[in-house]
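sequence and predicted model, in that order:
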Amino acid sequence: MKQIITYKILLIVLIIISTWSCERDDICSDATPTTPHLIIRFYDVTAPEEFKQVRQLTVRGFDENGNELLDIITRTNTDSIVLPLRFEGENISTLSRFILEKDSDFTEDDDDTTESNIDIINVNYVPEFQYVSRACGYKSIFNDLSVTVEPDTGNWILSSQIINTTVDNETSAQVILRH
């Protein structure tokens with residue numbers, strides 16, 4: 001019985017010491033900036049300073065082999081999107097491709113005559129790793145950002161504009177797409 005009490009006391013002391021020895025730097029705060037996403041805003045091509053929602057937008061990405069991935073955004077009316085960027089290594093020029101489909105809720109049974117329209121955007125950038133802290137490790141920022149819309153016979157995205165060539169925060173847009 002005395003031996004069990006000794007083990008319990010020893011266990012309690014070990015737990016207290018292990019939690020007490022945690023320093024602030026051992027836990028990555030939710031407020032700490034991490035790897036940012038690409039922010040795209042949609043504007044009206046006829047009124048270039050006005051936001052314009054995309055109706056029923058669905059966004060899908062491609063992997064590094066060109067295989068289509070799962071939906072990132074599904075049937076949303078929005079004037080802005082946040083997209084993840086992938087990376088293979090530091091200072092390696094990288095391409096992320098996304099399918100942007102507007103009016104993706106169209107079905108043959110709809111009375112609406114609007115059909116879905118798919119455009120593909122290519123996002124090129126160079127990842128750079130930045131040390132954040134011992135607890136958080138590294139984050140990536142993305143430099144030399146460029147965006148192109150693959151031309152097809154019926155593009156709904158009519159132009160693209162880079163606002164900021166570096167993706168280093170999630171507080172403002174880096175790209176404008178006009179439609």
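The structure has been received and is ready for your questions. Residues are numbered from 1 along each chain as shown.

in stretch 162-172, what counts as buried?
Residues of stretch 162-172 classed as buried by neighbour count (16 or more other C-beta atoms under 10 Å): 167-168. Where C-beta positions appear, they are placed from N, C-alpha and C, glycine not excepted.

for the one helix or strand L57 maps to, packing partners?
Following DSSP states H and E, one finds L57 within strand 54-62. Using 3 or more C-beta pairs under 8 Å, 6 or more residues apart in numbering; DSSP states H and E as the contact test, the elements touching strand 54-62 are strand 68-78, strand 80-83, strand 94-102.

which residues sit against stretch 166-179?
Contacting residues not belonging to stretch 166-179 are listed as 33, 36-45, 48, 52, 54, 80, 82, 85, 102, 121, 123, 125, 141-143, 145, 147, 149, 156-165 [C-beta atoms under 8 Å, 6 or more residues apart in numbering].

and the strands in this protein?
For the chain, the strands defined by DSSP state E occupy 38-43, 54-62, 68-78, 80-83, 94-102, 117-133, 137-149, 159-162, 175-178.

list the strands paired with the fourth one, with their directions.
For strand 80-83, sheet partners with direction are given as strand 38-43 (antiparallel), following DSSP bridges.

hmm, back to that, so what touches the strand holding L57?
Applying C-beta under 8 Å, 6+ apart, the set of residues contacting strand 54-62 from outside is 42, 68-79, 81, 83-84, 96-106, 116, 179.

same check, this time on stretch 134-145
Residues lying outside stretch 134-145 but in contact with it, judged by C-beta under 8 Å, 6+ apart, are 25-28, 32-36, 38, 85, 87, 93, 123-132, 162, 164-168, 174-175.

what residue ranges in this protein score low on pLDDT?
1-5, 7-8, 10-11, 13-14, 16-26, 106-113 (pLDDT under 70).

please produce a ChimeraX select command covering the buried subset of the contacts of stretch 166-179.
This is the ChimeraX syntax for the buried subset of the contacts of stretch 166-179, where burial follows 16+ other C-beta under 10 Å:
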select :36,37,38,39,40,41,42,43,52,54,85,102,121,123,125,141,142,145,147,149,156,157,160
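
separation between the spatially most central residue of the chain and G66?
Taking C-alpha atoms, centre = their mean, the centroid of the chain lies closest to P84, which sits 2.4 Å from it. Computed as C-beta to C-beta, to the nearest Å, the P84 to G66 distance reads 17 Å.

likewise N122?
Distance, N122 to G66, using C-beta to C-beta: 12 Å.

more crowded one of these two?
N122 (14 against 7; other C-beta atoms under 10 Å).

measure the residue lying closest to R41 once chain neighbours are set aside to C136 for me?
Using C-beta to C-beta, 6 or more residues apart in numbering and skipping residues adjacent in sequence, the residue nearest R41 is A173, 4.3 Å away. Applying C-beta to C-beta, one obtains 25 Å for the distance of A173 from C136.
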